[in-house]
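Novice: sequence plus predicted model, see below.
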Amino acid sequence: MKYITTIEEKSFNVEVVDEDHIRISDRLVKVDFESVSGQPVYSLLVEGNSYEAYVQEADDAWQILLKGRLYTAVVIDEREQRLKAAGGAGLAESGEFNLKAPMPGLVISVLVKEGEPVVKGQVLLILESMKMQNELKSPRDGIVNRVRIRSKESVEQKQTLLTIL
């Protein structure tokens with residue numbers, strides 16, 4: 001199956017070749033991707049390099065925490081891409097966006113306030129989990145509508161942290 005994956009405005013053609021290989025554009029890559037104990041934590045081996053990733057579905061995208069950095073990935077198959085292209089549909093850059101905790105942790109600092117304008121890629125807050133500090137960034141331009149957490153507050157996975165309009 002072939003997919004179009006968009007991460008930070010960059011699109012990649014990804015094809016699942018078999019259980020151990022994917023093709024990214026023209027490059028064949030050996031991978032091993034396994035869930036750890038049925039949790040949203042995954043062991044990822046890419047060409048002999050080991051990574052730990054937290055992966056969770058969020059709205060119409062996936063949130064992936066890898067090496068202390070949160071990525072938002074939009075994944076669609078070829079058929080869906082053709083339908084969107086034919087219909088002129090694009091990703092929503094307006095409306096409400098709820099930033100949710102990708103994992104349980106402790107909010108180290110909240111860097112924005114309600115009513116404050118934010119730009120895509122701006123760090124909104126820092127979440128500590130498993131002794132790592134993770135910067136959670138805005139996926140788009142907007143205005144902070146509601147901040148639902150405070151510094152030094154513990155949060156659960158999938159808990160809404162703040163809302164951007």
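Specialist: Received, thanks.

Novice: alpha carbons only for contacts and neighbour counts from here, please
Specialist: Noted.

Novice: grab the nearest non-local neighbour of the most centrally placed residue in the chain.
Specialist: Taking C-alpha atoms, centre = their mean as the criterion, residue 63 is the residue nearest the geometric centre of the chain, at 2.2 Å. Nearest non-adjacent residue to residue 63, counting by C-alpha to C-alpha, 6 or more residues apart in numbering: residue 72, 4.7 Å away.

Novice: element containing the one you found, please.
Specialist: In this assignment (DSSP states H and E), residue 72 forms part of strand 69-77.

Novice: how about the contacts made by residue 140?
Specialist: 93, 118, 119, 120, 121 (C-alpha atoms under 8 Å, 6 or more residues apart in numbering).

Novice: rewinding a little: could you give the bridge partners of the residue nearest to the centre of the chain?
Specialist: residue 56, residue 72 (DSSP bridges).

Novice: I figured it hits residue 56, correct?
Specialist: Yes. Residue 63 lies in contact with residue 56 (C-alpha atoms under 8 Å); the separation is 5.3 Å.

Novice: which residues do those two both contact?
Specialist: Common contacts of residue 63 and residue 56 (C-alpha under 8 Å, 6+ apart): residue 102.

Novice: least trustworthy helix or strand in this structure by mean pLDDT?
Specialist: When each helix and strand of the chain is scored by mean pLDDT, DSSP states H and E, helix 78-87 comes last, with a mean of 58.

Novice: relative to the following helix or strand past it, what are the paired strands and their orientations?
Specialist: Using DSSP H and E, the helix or strand that follows helix 78-87 in sequence is strand 97-100. Its sheet considered, strand 97-100 pairs with strand 160-164 (antiparallel) by DSSP bridges.
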